[in-house]
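Trainee: Provided below are the primary sequence and the corresponding predicted coordinates.
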Amino acid sequence: MVSKPHGGKLVRRIAAPKTRERIIGEQREYPKAEVDHGRAIDLENIAHGIYSPLKGFLTSDDFQSVLDHMRLSDDTPWTIPIVLDVEKPEFEEGDAILLYYDDLPIARMHVEEIYTYDKKEFAQKVFKTTDPNHPGVAKVYGMGKYLVGGEIELLNELPNPFAKYTLRPVETRVLFKERGWKTIVAFQTRNVPHMGHEYVQKAALTFVDGLFINPVLGKKKRGDYRDEVIIKAYEVLFKHYYPRDAATLATVRYEMRYAGPREAIHHAIMRKNFGATHFIVGRDHAGVGDYYGPYEAWDLFDEFPDLGITPMFIREAFYCKRCGGMVNAKICPHSEEFHVRISGTKLRKMIMSGEKPPEYMMRPEVYEVIRSFENPFVE
């Protein structure tokens, strides 16, 4: 059975056509606030129910409850604060305002609350560090002085060069139902697939009806693969190595927080809203640097028996020369001298230097896709 949306109901916060037309026509009469690209994406994810049960940005009660207890004030599991920050509000509580990104009115917001917050507390509780070298912490330290809470209505979406690959929760739920999938495992990725990824995905698929590959598109770090490279690589992998009736690919736009274990829970909630019943939790899931332990995210799931989606903990895969294939530590009896670890960093270095990875590390078709791009990496 496709999972119920988080909180019980799939949120939809999109202005009706006539309402949108009226608001756009009256836009000069509204107070306004500018949002960055990440907040514009958050608005889309709220509006389409990817962040269900949120109907807008968090008010102070929910914000503090998320920091302290990893739950909304009504006790619904929620681990990442979805907030709107401003340096100096030019509006008041009770106002309806328009949120703009790059001169485009993205949403109308009903301002319920304007409140202050402690940035160090935010950083420490969400990221487990106040180190400004952590990208998530640095983002928090650069936020405005105030947070604004309240419900939103989406007016416009950002230009989407990958609309062909974009499916919303209301669409994936129909797709899964049409395919007769009752159990669906979701896999989040922001990399091109190597053999380790394929092993983990197919190991999970063995136990469920369908596999939902859900690459994250959006802002990435220097050296990461470009969005179009990731999509093309998965396309060719699906064409040659995945059963058509048991796997599907759709993208989601989302700004990574690099919050490790907390973000792993958040990613699971997002996929629950898409309709997944299971979620693959990776090694060092949503981590960065050495701020989190390699399997720390696995432990946090024990604190959420009411999450409503089943985590799948599949250990990191490696190639064993004695076994002659991809294995993991649970099923391989051989010593480390026979193991070849498949590191994304190592693969990138090989590709950058023009070296073709061995087939036990990466499918040759995937390598050819990467090589077909003049510059496959973010600069």
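Mentor: Thanks, I have the structure now.

Trainee: can you report how many residues neighbour residue 198?
Mentor: 18 (other Cβ atoms under 10 Å). Heads up, the C-betas are built off the backbone N, CA and C, glycines and all.

Trainee: the strands in the stretch 201-350 of the chain, which residues?
Mentor: Under the criterion DSSP state E, counting those that start in this stretch, the stretch 201-350 of the chain contains strands at 210-217, 247-249, 252-253, 278-281, 310-313, 318-320, 325-327, 339-341.

Trainee: figure out which of those is closest to residue 29.
Mentor: Counting by Cβ to Cβ, residue 29 lies closest to strand 252-253 out of the strands of the stretch 201-350 of the chain; the figure is 30.1 Å.

Trainee: for that closest one, packing partners?
Mentor: Taking 3 or more Cβ pairs under 8 Å, 6 or more residues apart in numbering; DSSP states H and E as the contact definition, the neighbouring helices and strands of strand 252-253 are helix 37-47, strand 210-217.

Trainee: and it, how far out from the chain's middle?
Mentor: 7 Å (Cα atoms, centre = their mean, to the nearest Å).

Trainee: oh, and call the first residue 13 from now on, that's how I've got it
Mentor: Shifting the count to begin at 13 puts that one at strand 264-265.

Trainee: average pLDDT for it, rounded please.
Mentor: What strand 264-265 shows for mean pLDDT is 96.

Trainee: swap in stretch 306-316?
Mentor: Regarding stretch 306-316, the rounded mean pLDDT is 94.

Trainee: in it, what counts as buried?
Mentor: If you call a residue buried by 16 or more other Cβ atoms under 10 Å, then stretch 306-316 has these buried ones: 307, 308, 309, 310, 312, 313, 316.

Trainee: okay if I get those as JSON lines plus distance to residue 256?
Mentor: Below are the buried residues of stretch 306-316 laid out as JSON lines (distance: Cβ to Cβ, whole Å):
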{"residue": "307", "distance to residue 256": "33"}
{"residue": "308", "distance to residue 256": "36"}
{"residue": "309", "distance to residue 256": "31"}
{"residue": "310", "distance to residue 256": "32"}
{"residue": "312", "distance to residue 256": "35"}
{"residue": "313", "distance to residue 256": "31"}
{"residue": "316", "distance to residue 256": "34"}
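
Trainee: between those, which is nearest residue 225?
Mentor: Closest to residue 225 out of the buried residues of stretch 306-316 is residue 309 (19.3 Å), distances taken as Cβ to Cβ.

Trainee: so who does that closest one touch?
Mentor: For residue 309, the residues meeting the contact criterion (Cβ atoms under 8 Å, 6 or more residues apart in numbering) are 272, 273, 276, 277, 293, 294, 296, 297, 298, 299.

Trainee: count of residues packed around the closest residue to residue 262 other than its chain neighbours?
Mentor: Excluding the flanking residues, the one nearest residue 262 by Cβ to Cβ, 6 or more residues apart in numbering is residue 179, at 3.9 Å. The number of residues packed near residue 179 is 19, by other Cβ under 10 Å.

Trainee: my guess is residue 179 contacts residue 287, does it?
Mentor: No - using Cβ atoms under 8 Å as the test, residue 179 is too far from residue 287 to be in contact (10.2 Å).

Trainee: grab the two from the contacts of residue 309 that are most spread out in space.
Mentor: Pairwise distances across those (Cβ to Cβ) peak at 14.7 Å, for the pair 277 and 296.

Trainee: give me the more crowded residue out of the two.
Mentor: In this comparison of residue 277 against residue 296, neighbours counted by other Cβ under 10 Å, the higher total goes to residue 277 at 27 against 19.

Trainee: show the contacting residues for the closest residue to that one other than its chain neighbours.
Mentor: When the adjacent residues along the chain are set aside, residue 277 lies closest to residue 91, with 4.4 Å between them (Cβ to Cβ, 6+ apart). Contact partners of residue 91, counting by Cβ under 8 Å, 6+ apart, are 78, 82, 271, 274, 275, 277, 278, 281.

Trainee: before we move on, what SS does the closest residue to the second one other than its chain neighbours have?
Mentor: The shortest distance from residue 82 to any residue that is not its chain neighbour, by Cβ to Cβ, 6+ apart, is 4.7 Å, and that residue is residue 91. Secondary structure state of residue 91, per DSSP: H, G, I helix; E, B strand; the rest coil, is coil.

Trainee: picking up where we left off before, let's have the helices and strands packed on strand 264-265 in TSV, adding mean pLDDT and distance to residue 67.
Mentor: Supplementary listing: the helices and strands packed on strand 264-265 in TSV, determined by pLDDT from 0 to 100; distance: least, Cβ to Cβ, whole Å:
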stretch	mean pLDDT	distance to residue 67
helix 49-59	97	7
strand 222-229	96	23
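
Trainee: with distance to residue 205 and mean neighbour count added, can I get the ones you listed in CSV?
Mentor: Supplementary listing: those in CSV, determined by distance: least, Cβ to Cβ, whole Å; neighbours: other Cβ atoms under 10 Å:
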stretch, distance to residue 205, mean neighbour count
helix 49-59, 24, 22
strand 222-229, 8, 23
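
Trainee: who wins for proximity to residue 247 among those?
Mentor: strand 222-229 (10.6 Å).

Trainee: just say which of the strands of the stretch 213-362 of the chain is most tucked in.
Mentor: Mean neighbour count (mean count of other Cβ atoms under 10 Å) peaks for strand 290-293 among the strands of the stretch 213-362 of the chain, with a mean of 26.

Trainee: hmm, who's touching that one?
Mentor: Residues outside strand 290-293 that contact it (Cβ under 8 Å, 6+ apart): 195-200, 212-213, 216, 219-220, 276, 279-280, 283-284, 309-310, 313, 321-326.

Trainee: appreciated, that's everything.
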